[in-house]
Structures are given as structure tokens and as C-alpha cells.
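In: Got a predicted structure plus its sequence, pasted below:
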Amino acid sequence: MQDNLTDSLQPIRDRFIAVLADRQSEILTSLEVAMRTPELATAELERIGGVMHKIAGTAGTLGFGALGESAQKIELGILSSSQPDGTYPAQLWIDIVDWLELSSGLTRDAD
Amino acid sequence: MYILAVDDDPIILETLEIFIGSMPEHELVTAQSAVDALQQMADQPRMFDCFLLDIQMPATDGIELCSILRNVGGYERTPILMLTAMSDKGHIDNAFKAGATDYITKPFELNSLQGRLNLVEPIADDIRVRAEKIAAAESEDAKLEAGQSFVELHEPFSIMDVDGVIENHAIENYVTQLSRKSLCGSVCLAFSIRHVAEIYHDISNYDFTCMITDVSEAISDCLSPVQRLVSYAGNGTFVSVIEGASHIDADRLVDQINLHIHRMELAQSNGERLNVRVCAGRMKRMVWRTGDAAVDALREAHDSAEQNADRLEREMGNIWTTAQFA
């Protein structure tokens, strides 16, 4: 049954990777705006947090555990380090860039 | 079970279709929003046996939808499993307060999903059997009777529409879901109605359930300045999980609850007043207790309250005997 299930999940996995490419571009755009414009950082990081939340919820089930765990870490990091003046710890930006690299590996492999 | 899953992420819904599709005992319908879910409920020829709700959805979120479902006739006790990546205490508290039965953390595996569904299936079966009995009853009186089940003294039962009071199996799921960090400042404290067996035998079953509901309200109200969840565990005993309760004076709290109950002027259907008083057991700190150990803390608190109720009744008996000999 497990083999059948793995086969059945394959189209969903493919779709997850396809959607992941769009999500990477969405995250990258928000990241660039947030880093350039501190007054927009909170709104853009919330947007990134929302995308990371979706990825964290599905990635592990579809066999992309490391990607999901890293997305959840970023989501929690955004929630816990929100600052009214738009300043965020440097590590948060680094984590987002690392995540983009990790996920780019997956989308590149799929191509 | 006939299950409705609500999630705004189509990938989750498709994954659920495959997972639940591999379980022949279950059938799944999906919805992408609260509005879509309510439309599905209106369109379906039969009632759903179970709901899977994502918490974070645009517009009406899963917690709001859970509250809405609890107010739809026939869905007051239907199992609602929150399916979410939000594992912080605030979301878990709000989900259970809104009437959730259990909580499944995303990402989930097939086995854990199946295990959670198996755990709630007996509740769904019980609801279905009762609904069938009501449908089969011919007269209005017979329908009313079929809808009310006889409650044994030791048996927990559902208490509806009392803020902060949830089902007994839900409070066990609640403490199982919380992490060590979340449980750190919480305590478990149980309250028992004194000489409850006598009360149970002296009054009608209906009056007994009303009395239990009123006492649950008094307990929940008196605890309400702090974050709390209360459940009725049967045998006249209520179990509560209270956050940040290290400063609570249990004796004073019991006095407040008894005063609150006294002011409620509890009475039977025939107007005869009920003399109801509660006592508390020992507070059990939840720190370092997770999973089964957290459920054990609930049981220990429960036993401690009942032992205290027995002790107080024995002491009252001794005072009476001593006074007679004096």
C-alpha cells in the first residue's frame, strides 16, 4: 500500500515543485523590498511568513522535510522578531537567503 | 466516516484526498474556504461525521469556522480536528476553546492522520446512532427522549455553551498537544462535588445534568481572570488546566466557587433547593509533563479531588458523632 501511496503522491509532489518556483520569486521580490525599504519591511516579511507557513505545512508530508523545517524556522523567526521600526536581526535575512538557495536546488533538479 | 476537510491550500486538500482515499472506512469532501464549507454542508444529502479544519485561512479562519460549526444544529459534538502548522500555545488554546476535539500538526504522516481519525470515530458512531434513534422515533416526546441519554454517575458527558468548558476527551488531547515550554507555567486542578453520589440518587437524571452544567459554569467563571480550560470528568469531578496559576490560593478559590454556586440558587425541576458544595484536590504542576505524562497529571488531579471530597465527608461524619456523644 505504501508503494501505491508513494506513486499517488508523485503528481502532487510535482505540482508542489512547480508552485515552489512561483513562491521563490514571490519571496525574493518581498525580500528585496523589505531590505531596501525599512518602513515596508514588516508588511513584506509578514507576506514571506505567510508563504513559508504554507510550505511548512506541506513540504514534510511530500518528502521535503528539510525544506519544510527551514520554512517553519523562518516563519517563527518573523513572528518572534517583529519590530515596529522595521529592523530585524541579520540572521533572519541570512536564513531567508539560505532557504531560497535550498529550494532553488529542488526546482533546478526538477528542470 | 463522512469527512469534510477545509483548507485554502489545494496541495493539502489533494494530499488528504490521497491519504483518506486509501482508508476504505472514510469518505472525503473538500472545501477551500469557510464559505465553501458551509455551502458544501447545505448541498450534501447527509450530515458529516467529522471535520478537518486548517487554522490559517483568509477571511474566516479555522477557529472562527469551528465556533460556527458548533452552533449548527446536529454538529454540537461532531469531531473537529484542527489541521495546522501553528503549534504555539495561543492557537492551541483558542482552537480548543472554540470547540475543537483534537489538533493535528502539519506536516502530517498517513499513520498519524489515520490514528487521529480512529480516535474520534467512536464519537461519530455514537452521534450517528443517536440521530438514527431520533429519526426513527414517532412522536415528539419519543424524539425528545431519544435525544437524551441516561447519564451514569461515573460517566463524563458533553456540556454545551459554557465558556471555557470543553469535552473531557478534548482536554486530554489539549494537554497532549502542548509542548514542555507551553505547559511550563500551567497547573492542573480538579474540583469534586461533595456527597455527589447522594445527590445523584436523590434527584432526576435531567436535574443532575443541569446541576453539573451550572457547577461547571461557576468553576469556569471563578477561574476566568486567567487562561483556563475545564472539563467534566464524571463522578461529580471537574478537571481544569490553568495557565500561570502559581499564585492561586486554592482554598480561597474554592470559597469563591461555593459562594458563586450558592448565589445561583440551584434547584430541582420541582423547585426543591439543592445544597451543592465543591472541594479541590492538590494542584499538579504541568512542568516537564508532556504527552501521556500530562494526561497522568489530569488523572492525579482528578483522584486527589475525589479523595479530598471523601475525606471531608468522613470528617463531617466524625464531627457529628463526636457532637452527639459530647
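Out: Everything's here; your move. Numbers count the residues shown, from 1 in each chain, chains lettered A, B, ... in the order given.
In: Please make it C-alpha for all contacts and neighbour counts, starting now.
Out: Noted.
In: Now the host helix or strand of residue A:20: average pLDDT?
Out: For residue A:20, the host element (DSSP states H and E) is helix A:2-36. For helix A:2-36, mean pLDDT rounds to 89.
In: and residue B:241, which of the three is it?
Out: strand (DSSP: H, G, I helix; E, B strand; the rest coil).
In: What values do phi and psi take at the closest residue to it other than its chain neighbours?
Out: Once flanking residues are discounted, residue B:241 sits nearest to residue B:188: 4.5 Å by CA to CA, 6 or more residues apart in numbering or on different chains. Backbone torsions for residue B:188, taken as degrees, to the nearest 10, come to phi -110, psi 130.
In: Might you report the residue contacts of residue B:188?
Out: B:239, B:240, B:241, B:242, B:283, B:284, B:285, B:286, B:297, B:298, B:301 (CA atoms under 8 Å, 6 or more residues apart in numbering or on different chains).
In: do the same with residue B:174
Out: Residue B:174 neighbours (CA under 8 Å, 6+ apart): B:92, B:93, B:96, B:102, B:103.
In: so the residue nearest to residue B:241 bridges to which residues?
Out: residue B:241, residue B:284 (DSSP bridges).
In: who touches residue B:50 in this structure?
Out: By CA under 8 Å, 6+ apart, the residues touching residue B:50 are B:1, B:2, B:3, B:4, B:78, B:79, B:80, B:81, B:124.
In: and the residues you listed, which of them are in helices?
Out: Among those, DSSP state H puts residue B:124 in helices.
In: how far away is residue B:85 from chain A?
Out: 5 Å (CA to the nearest CA, to the nearest Å).
In: Ignore what I typed, I meant residue B:177.
Out: To chain A, residue B:177 is 17 Å away according to CA to the nearest CA.
In: Give me the local confidence score for that residue.
Out: Per-residue pLDDT puts residue B:177 at 82.
In: What of residue B:324?
Out: For residue B:324, the pLDDT comes out at 57.
In: Then residue A:83?
Out: According to the prediction, residue A:83 has pLDDT 68.
In: follow-up on the earlier one: just the buried ones from the contacts of residue B:50, in PyMOL syntax?
Out: In PyMOL syntax, the buried subset of these is picked out as below (16 or more other CA atoms under 10 Å in any protein chain shown):
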select buried, chain B and resi 1+3+4+78+79+80+81+124
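In: nearest to chain A, of the contacts of residue B:50?
Out: For those, the residue nearest chain A by CA to the nearest CA is residue B:81; the value is 15.3 Å.
In: Enumerate the beta-bridge partners assigned to the closest one.
Out: Beta-bridge partners, per DSSP bridges, of residue B:81: residue B:52, residue B:102.
In: Would you check how far apart it and residue A:44 are?
Out: Residue B:81 sits 31 Å away from residue A:44, going by CA to CA, to the nearest Å.
In: Residue B:116 now?
Out: Using CA to CA, we find residue B:116 at a distance of 36 Å from residue A:44.
In: a markdown table please, covering the contacts of residue B:188 and showing neighbour count.
Out: Shown next, in a markdown table, are these (neighbours: other CA atoms under 10 Å in any protein chain shown):
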| residue | neighbour count |
| --- | --- |
| B:239 | 28 |
| B:240 | 27 |
| B:241 | 26 |
| B:242 | 24 |
| B:283 | 24 |
| B:284 | 19 |
| B:285 | 21 |
| B:286 | 25 |
| B:297 | 22 |
| B:298 | 26 |
| B:301 | 27 |
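In: Secondary structure element for the spatially closest residue to residue B:199 that is not a sequence neighbour, which one?
Out: Distances taken as CA to CA, 6+ apart place residue B:208 nearest to residue B:199, at 7.8 Å, with adjacent residues excluded. Using DSSP H and E, residue B:208 falls within helix B:205-223.
In: Using PDB, write down the CA coordinates of that helix.
Out: Once non-C-alpha atoms are left out, helix B:205-223 reads as follows in PDB (Å, rounded to 0.1, in the frame of the first residue of the first chain):
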ATOM      1  CA  ASN B 205     -31.100  12.300  35.800                       C
ATOM      2  CA  TYR B 206     -32.100  15.500  33.900                       C
ATOM      3  CA  ASP B 207     -31.700  17.600  37.100                       C
ATOM      4  CA  PHE B 208     -28.300  16.000  37.700                       C
ATOM      5  CA  THR B 209     -27.000  17.100  34.300                       C
ATOM      6  CA  CYS B 210     -28.400  20.600  34.800                       C
ATOM      7  CA  MET B 211     -26.700  20.800  38.200                       C
ATOM      8  CA  ILE B 212     -23.400  19.600  36.700                       C
ATOM      9  CA  THR B 213     -23.700  22.200  33.900                       C
ATOM     10  CA  ASP B 214     -24.300  25.000  36.500                       C
ATOM     11  CA  VAL B 215     -21.400  24.000  38.600                       C
ATOM     12  CA  SER B 216     -19.100  23.900  35.500                       C
ATOM     13  CA  GLU B 217     -20.200  27.500  34.800                       C
ATOM     14  CA  ALA B 218     -19.400  28.500  38.400                       C
ATOM     15  CA  ILE B 219     -15.900  26.900  38.200                       C
ATOM     16  CA  SER B 220     -15.100  28.400  34.800                       C
ATOM     17  CA  ASP B 221     -16.400  31.900  35.800                       C
ATOM     18  CA  CYS B 222     -14.300  31.900  39.000                       C
ATOM     19  CA  LEU B 223     -11.200  30.800  37.100                       C
END
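In: helices or strands next to it in the packing?
Out: strand B:165-166, strand B:228-234, helix B:250-264 (3 or more CA pairs under 8 Å, 6 or more residues apart in numbering or on different chains; DSSP states H and E).
In: one more time with 10 Å
Out: The helices and strands touching helix B:205-223, judged by 3 or more CA pairs under 10 Å, 6 or more residues apart in numbering or on different chains; DSSP states H and E, are strand B:165-166, strand B:186-193, helix B:196-202, strand B:228-234, strand B:237-243, helix B:250-264.
In: on that earlier part again, residue B:116 and residue A:44: which is more packed in?
Out: Using other CA atoms under 10 Å in any protein chain shown, the more surrounded residue of residue B:116 and residue A:44 is residue A:44, with 21 against 14.
In: and the more buried one, what element?
Out: helix A:38-59.
In: Run the contact check for that helix versus chain B.
Out: Yes. Counting by CA under 10 Å from any CA of the partner chain, chain B is contacted by helix A:38-59 at A:50, A:53, A:54, A:55, A:56, A:57, A:58, A:59.
In: after that helix, next one along is what?
Out: Remark: after helix A:38-59, the chain's next helix or strand is helix A:65-80, criterion DSSP H and E.
In: helices and strands around that following helix, which ones?
Out: By 3+ CA pairs under 10 Å, 6+ apart, helix A:65-80 packs against helix A:38-59, helix A:90-110.
In: Which stretch among these is buried most, on average?
Out: Mean neighbour count (mean count of other CA atoms under 10 Å in any protein chain shown) peaks for helix A:38-59 among the helices and strands packed on helix A:65-80, with a mean of 21.
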